[in-house]
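**Student:** just coords:
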């Protein structure tokens, strides 16, 4: 009993010390603030995979009522106002990346349609712009099909269809990518900053020799490690919460569907596991620079291959297994999407919390095993 | 110095037997034994690197001996470690307290961790502050304090819990003689008045002479133990110093009359750095070269940095190439079929036949539809109302509602596209059945540059862009900030090397290493990902070199305003990743960007290099198309160099 009390007391004093250390590093704090405010705002408003503002050019070799009708239907916000090109200019324009789509309406197109003859439209797609090429050409084909049906039957494509297809998107009716992007960015920042802060906290002590000092005191490695994990996770969870409330909900007007407290509970457990991972990585490096070099590839892999950037299902199966069995992040992405996007409640996501705890425990145990030998070697 | 009263039969405070410590092949400490009694000041005298620190670390339990054992107060460390640590104070060679905590906070932390009762802590700290003369600086950070004061603080911290054993590892190195003398008086009073056993290592003769007993150590071995007087007398020398030198010669097998100047082999600084004192401002490629060579050597000796520079990009490129994909497949769908007629089944068959969709068990109720969508198990739900078959046959245009999971907008958008395509196919199938004939209008999309429409072909050239900004910039930023952190930047301040020589000298090795990894990336693109090189290779090669000069220059620019390596790494990563990933065409085509995003992208080299990489690989472009981009890369090289030149300070700030 008395031992347990001492154990916790030591943990508490070390925890306070960690918080003071974080406070004393202004550059780090500025980076945390930047990452959770400006970076989120910029990334989610400017860059998105939402089809928007697509640069389109048209070569109108028909110059008929129908061709003009089609061109007039290519409109913002999906498309930029189409630019007219001569056939000879198409190659250069695509080479320069000025357009993603170039539509070629052949001569006599309208006449063929009126005469009920088969006709063909050419659509040149810059397939190096993968994010927009597929969806963009699909959307443009829809527009064209609609106009042709309108021209033929006067009622758009739906009038000609045998069924009335009503499509709606659940959870994000307008498929607004800011909703997705801003929350994913918050998540990425949680992962990135937690890993960096906690790892850096250990390296700083190693570089200054203070950890040696701690280890000759009646302090055990688990207290030192746990104090760092707790302190850094706390800072990040607080920053992420503020960011969700003031930047995501306030500034970007993203409605959060699910329960914020449930998300925070999950996030807290997740950050603890990532902080443990940060410590584990730090035991493999002797200086801050080395740590940075180890952490950056890890962070990029975590950010891009956890399902937040590309859906998990689109990756090779071996890669999915590797990511899901080695890291917590893919599970956190699923958790976040279930809670924040789809409004999933506790009964739906409690397994994720266990997964976070499991990963955290493994990382923590591994870093303890490595701690003494690694820390004292350097 | 008062004499020590020795009690007979007492348990030795510190005891070591046959202590040996090996690191691989290297024996740091070889079979060292000693017994130190309570209240004794026991000195370890020896040159740097002779094994003193390692011995002390074994005593404190920081290092486990390879062989032999130690006991403190007759107890071995294992088993009752926590209990013993309460009675030990330790002071390490370098200043090792928290510089971000004030003097008082440092004392507080140690008082708490040593479990001094709460009600005594305040008094104890005051006592320490007064007796170690720290009261005036109690609320200051240790960094600003003079060395002597820092050292008093370390001693205060080491004794705050009134330990019975003090282990001090070269505590006075770098401290002036006056401060050293007063430090020693404190030690003597601790030993004599409080009975504290002190184990101290030093390389100062006059300090060793003040110990009760000393042991002489060299190359991991103890070759003499005794009181300073005895040791001198045994050798027939007047002073301890002469005796030590004589012992040392014997141990190293050097004849007694040889000169004792082994240590005089201090290498003179390289002539390149010394020359030209008269005209320090003239650009001298030799000085530049000297810096470049030294940087290269350091880099080659650091496995983690090399790993990062060479293997990091390869690893990342492989993960990116295989892992990032815009090909949306395996969308899971489930039907809520309230009709269950051949007509409704025909509609659903369209979905099951598509390679983009995978079927899940049917949905039985709208509540189930909700919950399965929420869990993410079902991406697309198809709801067919009852009476569908009847209405369809009657030509009444029955309604089918399709709900797509919109939580990932890109995937949802693509899924909607697929569903529309299926619906059109279904319509024409029905049309064929009913035998009404209309002409076909086909829209033929031609996927230029990437006929197979595979993400890999589009991504890899852009990934090269990302890798070659991120890694070179971080490497070169670290190159300079490291020197700031370790203090070796003083060389730059004190030698006549100019700022431009310094910057270019530090930049060259990183351009070199990055070129190696760029070559590897290029080969990976060609042979692993099977990308064609349709455009101009020479343009690609030249542009890559210029791009690397620009990105390493960017790293140096970051290094001018960051003080710690970690800040440099984080700042470089964040500042370069955001524009490179979001605003340079990696994912979003640049032609779709607007406003601030577009400007932000253009303000960094990646947005200019990406068209070159994509152009040379997949688009088949050459000099005529892309020279303006190359020109801009040159401009960036200049801008970053000038900025670094202006911001780099030639003296300590």
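**Tutor:** Structure's in. What do you need? Bear in mind the structure is a predicted one, so any value in this text is a computation, not a measurement.
**Student:** Which residues does stretch A:143-158 contact?
**Tutor:** Residues outside stretch A:143-158 that contact it (Cβ atoms under 8 Å, 6 or more residues apart in numbering or on different chains) are A:66, A:69-70, A:73-74, A:103, A:113, A:121, A:142, A:159-160, A:164-165, B:424, B:438, B:441, B:443. C-beta here means a position set from N, CA and C on the backbone, and glycine is covered the same way.
**Student:** Which of the residues you listed fall in strands?
**Tutor:** The strands, defined by DSSP state E, take in A:103, A:121, A:164-165, B:441, B:443 from the contacts of stretch A:143-158.
**Student:** Now the buried members of the residues you listed.
**Tutor:** Neighbour-count burial (16 or more other Cβ atoms under 10 Å in any protein chain shown) is assigned, among the ones in strands among the contacts of stretch A:143-158, to A:103, A:121, A:165, B:441, B:443.
**Student:** so residue B:15 touches residue B:73, yeah?
**Tutor:** No. Look at residue B:15 against residue B:73 with Cβ atoms under 8 Å: they stay out of range, at 9.0 Å.
**Student:** Can you pull the residues of the stretch 251-400 of chain B lying near chain A?
**Tutor:** Listed as neighbours of chain A in the stretch 251-400 of chain B under the rule Cβ under 8 Å from any Cβ of the partner chain: B:302, B:304-305, B:307-308, B:312, B:315-316, B:319-320, B:322-331, B:347, B:371, B:373-376, B:392, B:395, B:397-400.
**Student:** Of those residues, which belong to helices?
**Tutor:** B:304-305, B:312, B:315-316, B:319-320, B:322-323, B:347, B:371, B:373-374, B:392 (DSSP state H).
**Student:** Quick check: the farthest pair among those residues?
**Tutor:** B:305 and B:392 (68.1 Å; Cβ to Cβ).
**Student:** Number of residues surrounding residue A:197?
**Tutor:** Residues near residue A:197, counting by other Cβ atoms under 10 Å in any protein chain shown, number 27.
**Student:** Now do the contacts for the nearest residue to it once chain neighbours are set aside.
**Tutor:** Distances taken as Cβ to Cβ, 6 or more residues apart in numbering or on different chains place residue A:232 nearest to residue A:197, at 4.3 Å, with adjacent residues excluded. The neighbours of residue A:232, taking Cβ under 8 Å, 6+ apart as the test, are A:18, A:22, A:194, A:197-198, A:201, A:271, A:275, A:278.
**Student:** what would the residues you listed look like in a markdown table with secondary structure and pLDDT?
**Tutor:** Listed next are the contacts of residue A:232 as a markdown table, based on DSSP: H, G, I helix; E, B strand; the rest coil; pLDDT from 0 to 100:
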| residue | secondary structure | pLDDT |
| --- | --- | --- |
| A:18 | helix | 92 |
| A:22 | helix | 88 |
| A:194 | helix | 94 |
| A:197 | helix | 91 |
| A:198 | helix | 93 |
| A:201 | helix | 91 |
| A:271 | helix | 96 |
| A:275 | helix | 96 |
| A:278 | helix | 95 |
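**Student:** Kindly write the PyMOL command that selects the buried subset of these.
**Tutor:** Listed next is the PyMOL selection for buried residues among the contacts of residue A:232, using 16+ other Cβ under 10 Å:
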select buried, chain A and resi 18+22+194+197+198+201+271+275+278
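**Student:** Show me chain B divided up by domain.
**Tutor:** Using automatic domain parsing, the domain ranges for chain B come out as B:14-251, B:285-321+B:454-647, B:331-432.
**Student:** so which of those domains comes closest to residue A:40?
**Tutor:** The nearest among the domains of chain B, by Cβ to Cβ, is domain B:285-321+B:454-647 at 10.7 Å.
**Student:** How far does the closest one stretch from one end to the other?
**Tutor:** 22 Å (Cα to Cα, to the nearest Å).
**Student:** Looking at it now, give me its mean pLDDT.
**Tutor:** For domain B:285-321+B:454-647, the mean per-residue pLDDT is 89.
**Student:** How about stretch A:335-348?
**Tutor:** Mean predicted confidence for stretch A:335-348 is 87.
**Student:** Is any residue of it near chain B?
**Tutor:** Yes. Stretch A:335-348 reaches chain B (Cβ under 8 Å from any Cβ) through A:337-338, A:341-344, A:348.
**Student:** dump the residue contacts of residue 168.
**Tutor:** Picked chain A for this. B:401-404.
**Student:** nope, chain B
**Tutor:** So, once contact is read as Cβ under 8 Å, 6+ apart, residue B:168 ends up touching B:90-91, B:155, B:158, B:187, B:198-201.
**Student:** where along the stretch 451-600 of chain B do the helices fall?
**Tutor:** B:455-486, B:490-494, B:499-523, B:537-561, B:565-577, B:595-602 (DSSP state H, counting those that start in this stretch).
**Student:** The ones you listed into a markdown table, with extra columns for mean neighbour count and distance to residue B:386?
**Tutor:** Shown next, in a markdown table, are those (neighbours: other Cβ atoms under 10 Å in any protein chain shown; distance: least, Cβ to Cβ, whole Å):
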| stretch | mean neighbour count | distance to residue B:386 |
| --- | --- | --- |
| helix B:455-486 | 26 | 42 |
| helix B:490-494 | 14 | 82 |
| helix B:499-523 | 20 | 59 |
| helix B:537-561 | 23 | 62 |
| helix B:565-577 | 25 | 53 |
| helix B:595-602 | 17 | 49 |
